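Undergrad: dropping a prediction and its sequence here:
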Amino acid sequence: MLTSTLLAVAPNTLEWSPTVAAVMVGCNILAIAIAKFTMKNPSAPPAMPASNFFGGFGLPAVIGSTCFGHILGAGVILGLSNMGVL
């Protein structure tokens, strides 16, 4: 009984779609570009297996920039969803 009450209170969430994926990919690309120009030491060890494929980034830079990209993407997706764009 309590579960149905909680489900009734939960807001509608956006379902995954190619548009949502494109927004997330765009936000990750933006975050990597920001990291490329603002990171003090992007090639810190340990290195990525094919570092030229990752723009010379080390593992910490790749993980950090993509984490930031996902946080940015989640905010953009929620904002666009609340505005009714997505």
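TA: Thanks, I have the structure now.

Undergrad: low-confidence ranges, this protein, go.
TA: 1-2, 6-7, 10, 43-44, 51 (pLDDT under 70).

Undergrad: can you give me the helices for it?
TA: 2-9, 18-38, 59-83 (DSSP state H).

Undergrad: now tabulate those helices in CSV and tack on mean neighbour count.
TA: The way it works is simple: take the backbone N, C-alpha and C, and place the C-beta from them, glycine included. Shown next, in CSV, are the helices of the chain (neighbours: other Cβ atoms under 10 Å):
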stretch, mean neighbour count
helix 2-9, 7
helix 18-38, 14
helix 59-83, 16
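
Undergrad: among the ones you listed, which comes closest to residue 45?
TA: Among the helices of the chain, the nearest to residue 45 by Cβ to Cβ is helix 59-83 (7.8 Å).

Undergrad: what's the closest one packed up against?
TA: When contacts are defined as 3 or more Cβ pairs under 8 Å, 6 or more residues apart in numbering; DSSP states H and E, helix 59-83 sits against helix 18-38.

Undergrad: just to revisit the earlier point, which of the helices of the chain sits closest to residue 47?
TA: helix 59-83 (7.0 Å).

Undergrad: surely residue 70 meets residue 24?
TA: Yes: counting by Cβ atoms under 8 Å, residue 70 touches residue 24, with 7.3 Å between them.

Undergrad: before we move on, back to that, just put the helices of the chain in JSON lines and tack on distance to residue 45.
TA: Below are those laid out as JSON lines (distance: least, Cβ to Cβ, whole Å):
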{"stretch": "helix 2-9", "distance to residue 45": "47"}
{"stretch": "helix 18-38", "distance to residue 45": "17"}
{"stretch": "helix 59-83", "distance to residue 45": "8"}
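
Undergrad: out of those, the one nearest residue 53 is which?
TA: helix 59-83 (10.4 Å).
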